[in-house]
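> Predicted model, plus sequence, below.
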Amino acid sequence: LGLMSELRSALHEGRVSLAYQPKFSLSDDRIVSVEALVRWKGADGQNIPPDHFIPLAETTGMVTEVTLFALRETAAQLVTWQQFGHALHASVNISPVDLAESEFVSNVEAILEEERLDSSVLTLEITESAFIRSPAQTIASLKRLRELGLRLSIDDYGTGLSTLSYLQQMPVQELKIDRCFIEGLSKMSSDQVLVRSTIEMAHELGLTVVAEGVEDKETLELLRRLGCDQVQGYLIGRPMTAGEIMKICGACR
Ligand code: G
Ligand code: G
Ligand code: NA
Ligand code: MN
């Protein structure tokens, strides 16, 4: 629990921040969105990676404070980008734990109102595994978030053994194909079959498809041919500061 009280202090003392990783539209040929990723600088100045504290924060409930921080910060940043003429969208990762929290949806609604953000430019990413063990409360929360006008995305798709027909019953608009299917895409025809059919099915269901972990031009062009809508990965850009996002979006108004 020492780590969690340090996390709480860090949140209050401004040592938790966000990095933004761009998402590139293959039809518009420009950066259309960014994913907010939490960054924590420990007291010794070292970065503490999310993988080291998010799982623990989930077991203690602290994760919802992180999520609400990320939502508020991203909402404010979107408004700032808009003021500079950048019509960007953004996504924030949420945890299944958040969806089980009774106050979560009303807290989200309050943030949207306080920051005066049009909710349609904000997407919530939820890992696929959350959908599989989704009790009634999770689905109910997702529906209420959707009613607020937020977009919903399935993160890490393909790792959780769910089916698209099952996910069809969920109020989602976007599907992110997990990095592990994209890494070897240009070399492995088995992955190509899988990715092609996933894109086709997702489009049948009216979902936007994003491929994660795109690291080379060959993979990007292959995904373009397969009909993928957006790509994210080191080829387009690593997680970066809000200021750096403005610079690389100089031509993406
Ligand atoms: O790039 P990075 O090392 O930040 O991400 C590692 C993992 O931590 C990813 O799975 C990412 O989804 C998760 N993560 C990053 N930021 C957040 C956050 O604000 N909330 C939650 N729940 N997960 C996050
Ligand atoms: O689980 P989630 O999809 O939120 O994970 C985001 C994580 O993936 C972050 O740690 C981010 O830094 C990392 N990431 C983003 N793009 C790439 C990429 O092109 N290659 C690799 N290896 N990791 C990436
Ligand atoms: Na994510
Ligand atoms: Mn992911």
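Right, received. Where do you want to start? Numbers count the residues shown, from 1 in each chain. Ligands and ions are numbered 1, 2, ... in the order given.

> quick one, helices of the stretch 151-253 of the chain?
164-167, 179-182, 189-204, 217-225, 242-248 (DSSP state H, counting those that start in this stretch).

> Looking at those helices, which one is packed in the most?
helix 179-182 (a mean of 19; mean count of other Cβ atoms under 10 Å). The C-beta positions use only the backbone N, C-alpha and C, and glycine is treated the same way.

> That helix - what's its average pLDDT?
The average of the pLDDT scores along helix 179-182 is 96.

> other SSEs contacting that helix?
Applying 3 or more Cβ pairs under 8 Å, 6 or more residues apart in numbering; DSSP states H and E, we find helix 179-182 packed against helix 189-204.

> Worst mean pLDDT across the helices and strands of the chain, which element?
Least confident helix or strand, the chain: helix 164-167 with a mean of 80, by mean pLDDT, DSSP states H and E.

> for it, packing partners?
helix 128-132, helix 189-204.

> beta partners of the residue lying closest to Gly237 once chain neighbours are set aside?
Leaving aside its sequence neighbours, Gly237 sits nearest to Pro22 (Cβ to Cβ, 6 or more residues apart in numbering; 4.4 Å). Per DSSP bridges, the residues bridged to Pro22 are Val34.

> Equivalent analysis for Ile126, please.
Ile94, Ile154.

> Report pLDDT for it.
Looking at Ile126, the pLDDT reads 95.

> who's in contact with it?
Counting by Cβ atoms under 8 Å, 6 or more residues apart in numbering, Ile126 touches Asn93, Ile94, Pro96, Leu99, Leu142, Leu152, Ser153, Ile154, Asp155.

> Please apply the same query to Leu148.
Neighbouring residues of Leu148 by Cβ under 8 Å, 6+ apart: Val105, Val108, Glu109, Leu112, Ser119.
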